[in-house]
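Asker: Fold the following.
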Amino acid sequence: MVRHGEYIQDSRGVDILSQTGKKNIRKMADFLKGQNIHVSAIWHSPKNRAKETAQIFQQRLNSSVEIKVFARLKPNDPLEPLLDKLLSMTENLMIVGHLPFIPRLVSQLLTGETDHSLLALPTAGVVVMENDRHFNWFLTGFFHPQNV
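Answerer: Next comes the predicted model:
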């Protein structure tokens with residue numbers, strides 16, 4: 001689970017990653033690659049800042065990894081459509097999204113509740129989780145861009 005990088009609005013009003021946002025995402029991607037964290041697919045929200053974040057991870061981790069937009073990853077979207085998809089996943093997946101969606105998703109997977117106060121996720125922050133294929137999830141890593 002990844003929160004998009006820091007962003008600004010361009011002259012057209014489109015959200016784009018700031019230079020700091022790009023730098024932090026590249027740094028985080030390089031760190032994860034060094035930790036031998038591999039993903040088979042990257043899903044991102046339809047928002048441009050998430051798409052740009054996903055593209056940087058794709059370039060740095062593995063340019064052949066599938067990247068696609070998942071329409072129901074916007075900040076206040078319900079979790080159920082994604083939870084239903086996660087039940088059928090057998091490969092490592094990276095999800096690039098936003099607050100409060102990502103903290104709510106992590107909380108739901110770990111505790112069964114969506115109390116997003118469980119996790120303060122900075123921009124470019126990464127949460128690594130695993131499951132035991134019985135849909136029991138475990139937190140195996142939490143990485144802040146200032147600490148990698």
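Asker: Quick check: next helix or strand after the lowest-mean-pLDDT helix or strand in the chain?
Answerer: Using mean pLDDT, DSSP states H and E, helix 80-87 stands out as the lowest-scoring helix or strand of the chain, at a mean of 90. Sequence-wise, the next helix or strand downstream of helix 80-87 (DSSP states H and E) is strand 93-97.
Asker: so what does that following strand touch, helix or strand wise?
Answerer: strand 2-3, strand 41-44, helix 48-61, helix 101-111 (3 or more CB pairs under 8 Å, 6 or more residues apart in numbering; DSSP states H and E). (Glycine included, C-beta is placed from N, CA and C.)
Asker: Each with direction, which strands does that strand pair with?
Answerer: strand 2-3 (parallel), strand 41-44 (parallel) (DSSP bridges).
Asker: got a list of what Asp81 touches?
Answerer: If you look again at residue 81, you'll see it is Pro, not Asp. Arg72 (CB atoms under 8 Å, 6 or more residues apart in numbering).
Asker: And it, how far from Val39?
Answerer: 20 Å (CB to CB, to the nearest Å).
Asker: Restricting the selection to alpha carbons, write stretch 18-34 to CSV.
Answerer: Written as CSV, here are the backbone C-alpha positions of stretch 18-34 (Å, rounded to 0.1, in the frame of the first residue of the first chain):
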residue,chain,number,x,y,z
SER,A,18,6.2,18.1,-7.1
GLN,A,19,10.0,17.7,-7.5
THR,A,20,10.1,16.6,-3.8
GLY,A,21,7.3,14.2,-4.4
LYS,A,22,9.2,12.6,-7.4
LYS,A,23,12.4,12.4,-5.4
ASN,A,24,10.7,10.7,-2.4
ILE,A,25,8.9,8.2,-4.6
ARG,A,26,12.2,7.4,-6.5
LYS,A,27,14.0,7.0,-3.1
MET,A,28,11.2,4.8,-1.7
ALA,A,29,11.2,2.6,-4.9
ASP,A,30,14.9,2.2,-4.8
PHE,A,31,14.7,1.3,-1.1
LEU,A,32,12.0,-1.4,-1.7
LYS,A,33,14.0,-2.8,-4.6
GLY,A,34,17.0,-3.1,-2.3
